[in-house]
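**Student:** quick check, what structure comes out for this input:
(one chain, ligands or ions: 4)
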Amino acid sequence: MTTVHRTCPLCEAVCGLTLTLDDGGHVTSVRGDKEDPFSKGFICPKGASLGKLDEDPDRLTRPLVREGELWREVGWDEAFAAVQEGFSRVTEEHGREAFGVYLGNPNAHTMAGALYAAPMIRALGTRNVFSASTADQMPKHVSSGLMFGHPLSIPVPDLDRTDYLLMLGANPLDSNGSLCTAPDFPGRLKALRGRGGRLVVVDPRRTRTAALADEHVFIRPGTDAYLLFGIVHTLLAEDLTDVRQEINGLAELTQAAKHFAPDVVARRTGVPAEVIVRLARELAGAPTAAVYARIGTCTAEFGTLAQWLVDVVNVLTGNLDRPGGVMFPMPATEGGRRRKPYQTGRWRSRVRDLPEANGELPVATLADEIETPGQGQIRCMVTVAGNPVLSAPNGGRLDGALGGLAFMVSVDPYLNETTRHAHVILPPPRVLQAGHYDFALLGFAVRNYTRYSRPLLPLADRPSEGMILARLAVIASGLDGDLDAFIIGQALEKAVSTPGSGVEGRDAGELAALLDGESGAERRLDMMLRLGPYGEWSGRGELSLRKLLDNPHGLDLGPLEPRLPELLTTASGRVELAPPQLIDDVERLRDGLGAEPPGFLLIGRRHLRSNNSWMHNVAPLVGGSNLCTLQINPADVDRLGLDGYARVRSATGELTVPLEPTDTIMPGVVSLPHGWGHAGSTQSVAAEHPGVSANTLTDESTVDLPSGNAVFNGVPVTILPTGVITAH
Ligand SMILES: Nc1nc2c(c(=O)[nH]1)N[C@H]1C(S)=C(S)[C@@H](COP(=O)(O)OP(=O)(O)OC[C@H]3O[C@@H](n4cnc5c(=O)[nH]c(N)nc54)[C@H](O)[C@@H]3O)O[C@H]1N2
Ligand SMILES: Nc1nc2c(c(=O)[nH]1)N[C@H]1C(S)=C(S)[C@@H](COP(=O)(O)OP(=O)(O)OC[C@H]3O[C@@H](n4cnc5c(=O)[nH]c(N)nc54)[C@H](O)[C@@H]3O)O[C@H]1N2
Ligand code: SF4
Ligand SMILES: [Mo]
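**Tutor:** Ligands and ions are numbered 1, 2, ... in the order given. Okay, the predicted model is just below:
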């Protein structure tokens, strides 16, 4: 038996885990790591099942190659040779513009995603880059880019010090938090209330988080931007503002807010005008306050406007960049940020003319790009850690589109709804065979913190996921050589020639020779740590890989500190309160003021013991409350005379679903979790309770315009008894 420690890679909370392994490398127990200074022993049911997930017998151990319907297990050389052949064939016939990439959510949780996905994309030489980000947080990147100058300058609520938290469209008691890395989120919310603070939750469902709050406000799905504008209107009209930054655009903002008085938006949102006014006064009056909004408000028709208004309220109430308000973390691997105006729409999608954002095109138009003939049609896809057939809007259409590709490669541990269309599946090794560093998520942490976990088990005869992606890059570019050494060389050359950097004027080659690490990935981590804001090469600290290896439970780097002046990279050098692109989109919001969609509005939800589409194969995690049911208010059940099941119909499809009547959901709203609808997968446990895919009902033709983000919340649907047959 050995006891080992590592970070949980399963959600954004980055909990430290303590595992015991037997001599065969099997996990015999998983507990929270009490010595982790950030998570302090917290663990959730998913983390506790990490061993079961990692040793799931349905995970692929060797590459698969498909010929027609037939799958064949092959060795790694043969698999990469098949990729080479497929890439060459498509390149010769259609050129590089026929390639497309889709990166799924776990890329945010793997070192491979952080270090090797970008070089792989560059090597593929295509602008057809899609990811789960446009089914998730792209609106926040766009609003932050436009307001603060960089899409990663995303302020997070200072959870442990705030006096007042207004939370919209998030349910961290089940999700454990997102764009707000906070292990033991439930405990931190209880502590907020314990110190006399106030928590208000805005959600069309009375979630477990809402039940814990001081106040829960029901809202009509998709209308958060109206509610937030009502708050902005009140702050301005009642002169409740206390702006602490240099800002631009107050006049334009005031002009735009005129149309959204509380009594005007009350009808649209379902939130009484007096509640809106009171929320504004409470936010302004609290010693410190933070507004935090997540997936329920991002994956909506006005996602970017909602994200923007969240931070407008934070600025107007004087809570941006101050303790207890919303703050910008300083992660240990952060690189320098150049002052360069943030732009979207630098190129546009071929078929629907949708703007690029952060170098990506909207996943809502991926099927169009694959299906529509002509110059630039996608014929070859590379998917890494993604299951868009279940996770993208109108996933059923994408299912068909992927089936028509000339060639597809998937890097994924499972043969599932998406990867079954691949010609080659390249499985990453076991979780415990991978090193772990949260490059992305520590940039959203409510305390500055760092932790590295070395691989706990040897790779044996298979490549790491980083090596798989690097190999794809080599195949695509035709350039051989040590990718990591090349990237290290480039980064160090830049650092030594940057005036004022801690290594200015030193020799890049000598620095490279000093780097520690047993792999290229570790050496790159060491370099980023040393050059980063706490690094031994920054002149300001002593962090390095060695230091992290000496502290296997992680290191606390202190509470968040004000740092906006250093981060602000807008062209004006000020916080942009009224970016023109967003003010333009306010027209669309105004047009929607009078909208009264008939029928029901569909929203999603998450379950504690689930993770999008890929954790339904672990027996202890499924069943109980983790079910694919349609939540509906009992009054609606009675009104429609429903019994047990109902048919749900939208513009794109129809499903028959089991009902879960509950008064925790607003009348007129129904909720279905996503990630179900298992079919064509070799996941044997998941196949026993497949559920249905919510994304049969979501409509890829509607997007949040500024970001191109998919709309999953507030989808108009009709609910029919199962017995009724009507014409389509
Ligand atoms: N209707 C509706 N749809 C939604 C949402 C919603 O709320 N409602 N939420 C959206 C959101 S927020 C997201 S992030 C997306 C998620 O969209 P995706 O990322 O496309 O979907 P996941 O289900 O997370 O699929 C993850 C895939 O990665 C594989 N995988 C797991 N671990 C690893 C690993 O270590 N390496 C590799 N290579 N593969 C791995 C899994 O087997 C699975 O195939 O879904 C979106 N879709
Ligand atoms: N256990 C578990 N944890 C997860 C995941 C998982 O699948 N399971 N997925 C991970 C991923 S990829 C992400 S992005 C995060 C997401 O983390 P969260 O943002 O916390 O996601 P949810 O738990 O889905 O909470 C979203 C809430 O928004 C509400 N909502 C829906 N529509 C609206 C609306 O129009 N307005 C408002 N105000 N609220 C609305 C829903 O009822 C729901 O309670 O969770 C991550 N963590
Ligand atoms: S909360 Fe997230 S990081 Fe923590 S144990 Fe659970 S799944 Fe892992
Ligand atoms: Mo997500």
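**Student:** residues near the residue in the stretch 101-250 of the chain that ligand 1 sits nearest to, how many?
**Tutor:** The nearest approach of the stretch 101-250 of the chain to ligand 1 comes at Gly104, 2.8 Å away (CB to the nearest ligand atom). Any C-beta I mention is one placed from the backbone N, CA and C, and that applies to glycine too. If you count neighbours by other CB atoms under 10 Å, Gly104 ends up with 27.
**Student:** and if you look at Glu504?
**Tutor:** With neighbours defined by other CB under 10 Å, the count for Glu504 comes to 12.
**Student:** next one: Gly403
**Tutor:** Counted with other CB under 10 Å, residues neighbouring Gly403 total 12.
**Student:** go ahead and confirm it touches His421.
**Tutor:** Yes. Using CB atoms under 8 Å, Gly403 and His421 qualify as a contacting pair, with a distance of 5.4 Å.
**Student:** and the longest helix for the chain?
**Tutor:** helix 76-94 (DSSP state H).
**Student:** and the helices in the stretch 351-500 of the chain?
**Tutor:** Shown for the stretch 351-500 of the chain, the helices assigned by DSSP state H, counting those that start in this stretch span residues 366-371, 388-391, 395-403, 465-477, 483-496.
**Student:** assign the closest residue to Ile154 other than its chain neighbours to helix, strand or coil.
**Tutor:** Excluding its sequence neighbours, the residue lying closest to Ile154 (CB to CB, 6 or more residues apart in numbering) is Ser144, at 4.9 Å. Ser144 falls in the helix class when you classify it by DSSP: H, G, I helix; E, B strand; the rest coil.
**Student:** mind listing what Ser144 touches?
**Tutor:** Counting by CB atoms under 8 Å, 6 or more residues apart in numbering, Ser144 makes contact with 150-155, 307, 311.
**Student:** quick one: the strands in the stretch 301-450 of the chain, in order.
**Tutor:** Taking DSSP state E, counting those that start in this stretch as the criterion, the stretch 301-450 of the chain carries its strands at 326-327, 380-384, 407-411, 424-426, 447-450.
**Student:** ok, Leu309 to Pro139 distance?
**Tutor:** If you measure Leu309 against Pro139 using CB to CB, to the nearest Å, the figure is 11 Å.
**Student:** returning to that earlier point: who wins for most neighbours among the contacts of Ser144?
**Tutor:** Top of those by neighbour count (other CB under 10 Å): Gln307, with 35 neighbours.
**Student:** and whichever residue of the stretch 201-350 of the chain sits closest to ligand 1, how far from Ala135?
**Tutor:** When you check the stretch 201-350 of the chain against ligand 1 by CB to the nearest ligand atom, the closest residue turns out to be Ile295, at 5.4 Å. Ile295 sits 10 Å away from Ala135 when distances are taken as CB to CB.
**Student:** look at those two and report which has more neighbours.
**Tutor:** Neighbours around Ile295 and Ala135, counted as other CB under 10 Å, are more numerous at Ala135. The numbers are 29 against 22.
**Student:** am I right that the more buried one is in contact with Ser707?
**Tutor:** No. With contact taken as CB under 8 Å, Ala135 and Ser707 are classed as non-touching, separated by 11.0 Å.
**Student:** what is the burial count for Gly51?
**Tutor:** Taking other CB under 10 Å as the criterion, the count of residues near Gly51 is 20.
**Student:** now do the contacts for it.
**Tutor:** With CB under 8 Å, 6+ apart, Gly51 has these contacts: 19, 26-30.
**Student:** mind checking which of the strands of the stretch 301-450 of the chain is nearest ligand 1?
**Tutor:** Judging these by CB to the nearest ligand atom, what sits closest to ligand 1 is strand 407-411, at 4.4 Å.
**Student:** rewinding a little: let's see the pLDDT reported for the residue of the stretch 201-350 of the chain closest to ligand 1.
**Tutor:** The predicted local confidence for Ile295 comes out at a pLDDT of 98.
**Student:** equivalent analysis for Arg609, please.
**Tutor:** 94.
**Student:** what parts of this protein come near ligand 2?
**Tutor:** On the criterion CB under 6 Å from any ligand atom, ligand 2 has as its neighbours in the chain the residues 11, 105, 136, 168-172, 174-176, 178, 202-205, 207, 219, 221-222, 224, 294-297, 300, 603-608, 610-612, 713-714.
**Student:** among these, name the ones in helices.
**Tutor:** Judged by DSSP H, the subset of the residues of the chain next to ligand 2 located in helices is 172, 174-175, 224, 295-297.
**Student:** what comes up buried for the helix-or-strand element of the chain with minimal mean pLDDT?
**Tutor:** Averaged element by element with mean pLDDT, DSSP states H and E, the chain has its least confident helix or strand at helix 684-688 (a mean of 91). If you call a residue buried by 16 or more other CB atoms under 10 Å, then helix 684-688 has these buried ones: 685-686.
**Student:** check whether whichever helix or strand comes after it comes near ligand 1.
**Tutor:** The C-terminal neighbour of helix 684-688 among helices and strands, as given by DSSP states H and E, is strand 703-704. No. Strand 703-704 does not reach ligand 1 (CB under 6 Å from any ligand atom); its nearest approach is 13.3 Å.
**Student:** next one: strand 703-704 to chain centre, how far?
**Tutor:** A distance of 16 Å separates the C-alpha centroid of strand 703-704 from that of its chain, computed with CA atoms, centre = their mean, to the nearest Å.
**Student:** strand partners (parallel or antiparallel) of that strand?
**Tutor:** strand 709-710 (antiparallel) (DSSP bridges).
**Student:** so the chain: which segments form each domain?
**Tutor:** 1-55, 138-329, 598-721 (automatic domain parsing).
**Student:** report how many residues lie close to Arg188.
**Tutor:** Residues near Arg188, counting by other CB under 10 Å: 20.
**Student:** so it is in contact with Ala182, correct?
**Tutor:** Yes. When contacts are counted by CB under 8 Å, Arg188 is listed as touching Ala182 (5.6 Å).
**Student:** returning to what we had before: the least confident helix or strand of the chain close to ligand 1?
**Tutor:** No. Legend: contact between helix 684-688 and ligand 1 by CB under 6 Å from any ligand atom is lacking; minimum distance shown is 10.6 Å.
**Student:** I'd like to know which elements that helix is packed against.
**Tutor:** Packing contacts for helix 684-688, counted by 3 or more CB pairs under 8 Å, 6 or more residues apart in numbering; DSSP states H and E, involve no helix or strand.
**Student:** near ligand 1, which residues of this structure show up?
**Tutor:** Taking CB under 6 Å from any ligand atom as the test, the list of the chain residues beside ligand 1 reads 104-106, 110, 132, 135-136, 295, 299, 384-388, 391, 411-414, 416, 428, 465, 604, 612-614, 674-675, 694-695, 698, 712.
**Student:** in the chain, which residue sits nearest ligand 3?
**Tutor:** Closest approach between the chain and ligand 3, counting by CB to the nearest ligand atom: Gly47, at 2.3 Å.
**Student:** got the contact list for Glu660?
**Tutor:** 627, 629-632 are the contacts of Glu660 under CB under 8 Å, 6+ apart.
**Student:** how does it look with 10 Å?
**Tutor:** Remark: with contacts taken as CB atoms under 10 Å, 6 or more residues apart in numbering, Glu660 is in contact with 625, 627-632, 637, 670-672.
**Student:** what's the answer for Thr570, then?
**Tutor:** Contacts were defined as CB under 10 Å, 6+ apart; by that measure Thr570 touches 145-150, 153, 248, 339-342, 576, 579.
**Student:** right, I'll call it a day here.
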